[in-house]
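**Q** got a predicted structure here, sequence first:
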Amino acid sequence: MTDIPAHDLARKPKTRLRLFLDSDVWWSFRHSKSAMGAAIVLGLVILAALLAPVLSPQNPYDLAALELWNAELPPVWMEGGQMPYILGTDVQGRDILSGILYGTRISIFIGIASVIVSLLIGVMAGLLAGFYGGWVDNVLMRIGDVLLSIPIILVAILVSSVAQAMLPPELREAGIAIVLVLAIALYSWVQYARVVRAQTMVERRKEYVQASRLVGTPARRLMLKHILPNTLTPVFVAATLNFGLAILIEATLSFLGVGMPPNQPSLGTLIRVGNQYLFSGSWWIVLFPSIQLCILVVAVNMLGDWLRDALNPKLR
Amino acid sequence: MLAFLIKRSANAIFVMLSVSFIAFMIFRFVGDPVELMLNEQATQSQRDELRTRLGLDEPFIVQFGTFVTNAAQGDFGISFRNQQDVLGMIAERFPATFELVIVATIISLVVGIPMGVITAIRRQTWYAETMQFTSIIGVSLPSFVVGIGLILIFSVWLGWLPAFGRGETVDIGWWSTGLLTHSGRMSIILPALSLSLFQITLVMRLVRAEMLEVLRSDFIKFARARGIPARAIHFRHALRNCLMPVVTMTAMQIGGLIAFALVTETVFQWPGMGLLFIQAVTFVDVPIMAAYLCIVALIFVLLNTIVDITYAVIDPRLRGAEK
């Protein structure tokens, strides 16, 4: 794969990039068609979502840009379709493609945010529970057990509907995204916590931690600097798979009407709105956002599947 | 064994108490029930009287105690929206959800097991690879998108199957079933299919993994050496040894399916508990939300506990396994 002579390897300190390019993970990535394919598709979807303001023919949030006589136009390849509405328009004359690009942005944003929040909570809880054990461990893990013993979709629906009912009306608009992120994170932190806890319990007995403790390293530094880096591999895999799950849950909540509102539509909201026109013949309003959602989730999950196998030493 | 039983039951009770605490907290969080139940002209003394009658002037912990005692006896109060007994409303909707879940489970076993066997014994062929690849997609597809897709194809474009409702139902005692009428059977196909898709992929992957394991074992090699036909080896000898985990997983998944059916029920306007719950969420009808949460969690916890205990009965090693 690389032509660096052996003595060179031994002498030169490798750069991070070099380390990465020589790693098994990168090798396995380059030899997995599905991983490469998924990465390319995911990259394109994210890029298109980031460039939404540039790429979209229309700003779907700008009510002034909507023309009612352009309502329910079919996609361009069908009779009656018009440029620039490549994928057609909805009943308010909103361009479907623009709606999808902006909606993907919201879906991805909520997915990433909830993964980050649940990672923070989960890793902290796992470190504390694994490091201290005793009642800290008991309390944290019991909370996790209870959460996992209720189906995920119920927890998310209840949290987001109750929180939305509690928010004062003026905060509702801005608060919904945050509520959704918290509702999703509330459930998924348990998984990280369990993984990190198990790993921490193994690591804290090892000699390097004992040695570090002997020279008086404070507990916080022990946990964050010494133990944490050794627990991250499985967490990374779980985070990728949970990113897909988070997008799915957000879409489901929005579809059920307890997620993003129609004036800040995510992909799920678009599907919910389009679903009402399923029987009136305007199938494109619901079909294209659905396809985009599937592409996004499938790509993320395929990457996650590959990563799990690539980082699992047992499968090598 | 007795210790294990007690421990497991205590665990289940603890979880149920926590769930009912969450349900109780929803009541506290969402508005003041007195304000919700009285009209605006009510005087202060009327308010106070209702407050006393509902026990809302009691200390927090007493109120929670009352809630749990009532809930344990099946009394979840009356719906804010139409003043009916909550448990009765849920019981009326239960058969619809239960039939949907059972049909979906049967579909997932009937389709998933053969697919799992085929992908395990014909590993290198194109069709096994295709199935394996589709299963990743099957896990990722959101169930409501699958439902909408099925409606679009089979109801809107082809016009073969009904897209919503339950069709005609027949009452047997208090149970209403749609499985005995033609329209009822036609109506259940699409929702059950969309609910089972995820399950099919789960069963398939599990059977495949188990089969690959069993096929490597000595008794299979011996059966081959004896010249038993491949079909009999695969389907009689190997498959039988894979079914235990499949049965377990199916049992444990039923609770999840009942909860998850609420998405399918919304897509197909299927008149089950889930649809009732979603409507209650839209109208912030707290008693129904709380009751649904408790009942689904109860089914979930009961199934898990029963499976765990059955396992411990079958395999004594598991009894002491929990630290």
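**A** Now that the structure is in, tell me what you want to look at.
**Q** when you work out contacts or count neighbours from here on, use the C-alpha atoms and nothing else.
**A** Will do.
**Q** now do the helices in chain A.
**A** All helices of chain A, identified by DSSP state H, fall at A:6-11, A:16-22, A:24-30, A:33-50, A:52-55, A:96-132, A:134-148, A:152-166, A:169-203, A:207-214, A:219-221, A:232-256, A:267-275, A:284-311.
**Q** just those: most buried one?
**A** Among those, helix A:267-275 has the highest mean neighbour count (mean count of other CA atoms under 10 Å in any protein chain shown), at a mean of 26.
**Q** so that one versus helix A:284-311, what angle?
**A** Computed by axes from the mean of the first three to the mean of the last three CA atoms, to 10 degrees, the angle separating helix A:267-275 from helix A:284-311 equals 150 degrees.
**Q** and helix A:267-275, how far out from the chain's middle?
**A** Distance, stretch centre to chain centre, for helix A:267-275: 19 Å (CA atoms, centre = their mean, to the nearest Å).
**Q** that helix - what's its average pLDDT?
**A** For helix A:267-275, mean pLDDT rounds to 83.
**Q** cool, and stretch B:207-214?
**A** Per-residue pLDDT over stretch B:207-214 has a mean of 84.
**Q** buried residues of it, list them for me.
**A** Using 16 or more other CA atoms under 10 Å in any protein chain shown as the test for burial, stretch B:207-214 gives B:Val207, B:Arg208, B:Ala209, B:Glu210, B:Met211, B:Leu212, B:Val214.
**Q** now, among those, which is nearest to chain A?
**A** Set against chain A, the nearest of the buried residues of stretch B:207-214 by CA to the nearest CA is B:Ala209 (13.8 Å).
**Q** what residues are up against the closest residue to A:Ser34 other than its chain neighbours?
**A** Spatial nearest neighbour of A:Ser34, chain neighbours left out: A:Met302 (7.1 Å); criterion: CA to CA, 6 or more residues apart in numbering or on different chains. By CA atoms under 8 Å, 6 or more residues apart in numbering or on different chains, the contact list for A:Met302 reads A:Ser34, A:Ala35, A:Ala38, B:Ile136.
**Q** distance check, B:Phe126 against B:Phe133.
**A** Check again: residue B:126 is Trp, not Phe. The spacing between B:Trp126 and B:Phe133, counted by CA to CA, to the nearest Å, is 10 Å.
**Q** from A:Phe109, how far off is the closest residue to A:Ile121 other than its chain neighbours?
**A** Excluding the flanking residues, the one nearest A:Ile121 by CA to CA, 6+ apart is A:Trp189, at 6.0 Å. For A:Trp189, the distance to A:Phe109 (CA to CA) stands at 18 Å.
**Q** what residues does the stretch 51-200 of chain B put near chain A?
**A** B:Ile136, B:Ile137, B:Ser140, B:Leu141, B:Pro142, B:Phe144, B:Val145, B:Ile148, B:Gly149, B:Leu152, B:Val156 (CA under 8 Å from any CA of the partner chain).
**Q** which strands and helices sit next to the host helix or strand of B:Val203?
**A** B:Val203 belongs to helix B:182-215 when assigned by DSSP states H and E. Other elements packing on helix B:182-215 under the criterion 3 or more CA pairs under 8 Å, 6 or more residues apart in numbering or on different chains; DSSP states H and E are helix B:86-121, helix B:126-140, helix B:143-150, helix B:243-268.
**Q** contact partners of the shortest one?
**A** The one in question is helix B:143-150. Against helix B:143-150 from outside (CA under 8 Å, 6+ apart): A:252, A:275, A:287, A:290, B:190-191, B:194-195, B:197-198, B:263-264, B:267-268.
**Q** and it with helix A:267-275, angle?
**A** Using the same axes, to 10 degrees: helix B:143-150 against helix A:267-275 is 30 degrees.
**Q** skip the chain neighbours and tell me the closest residue to the residue positioned nearest the centre of chain A.
**A** Nearest to the geometric centre of chain A sits A:Phe243, at 2.6 Å (CA atoms, centre = their mean). Nearest residue to A:Phe243, sequence neighbours excluded (CA to CA, 6+ apart): A:Gly111, at 5.7 Å.
**Q** and the one you found, how far from chain B?
**A** 15 Å (CA to the nearest CA, to the nearest Å).
**Q** A:Pro289 too?
**A** Taking CA to the nearest CA, one finds A:Pro289 at 10 Å from chain B.
**Q** hmm, that residue is touching A:Arg272, no?
**A** No. If you go by CA atoms under 8 Å, A:Pro289 and A:Arg272 don't touch, sitting 9.9 Å apart.
**Q** buried residues, the helix holding B:Val203. List them.
**A** B:183-212, B:214-215.
**Q** quick one: work out the angle between it and helix B:126-140.
**A** Angle, helix B:182-215 to helix B:126-140, by the same axes, to 10 degrees: 120 degrees.
**Q** skip ahead from helix B:182-215 and say which helix or strand is next.
**A** With DSSP H and E, the next secondary element past helix B:182-215 is helix B:218-225.
**Q** gap between that following helix and the chain center?
**A** 39 Å.
**Q** what packs against it?
**A** Partner elements for helix B:218-225 (3+ CA pairs under 8 Å, 6+ apart): none found.
**Q** now do that helix against helix B:182-215, angle only.
**A** Angle, helix B:218-225 to helix B:182-215, by the same axes, to 10 degrees: 90 degrees.
**Q** so what touches helix B:218-225?
**A** B:Val214, B:Leu215, B:Ala230, B:Ile233, B:His237, B:Ala238.
**Q** right, and the first one touches B:Cys242 too?
**A** Yes. Proximity of B:Val214 to B:Cys242 meets the contact threshold set by CA under 8 Å, at 7.5 Å.
**Q** circling back: looking at the residues of the stretch 51-200 of chain B next to chain A, which one is closest to A:Met223?
**A** B:Ser140 (35.2 Å; CA to CA).
**Q** show me what from the stretch 201-323 of chain B comes close to chain A.
**A** Selection of the stretch 201-323 of chain B residues close to chain A by CA under 8 Å from any CA yields B:256, B:259-260, B:263, B:266, B:278, B:281-282, B:284, B:293, B:297, B:300-301.
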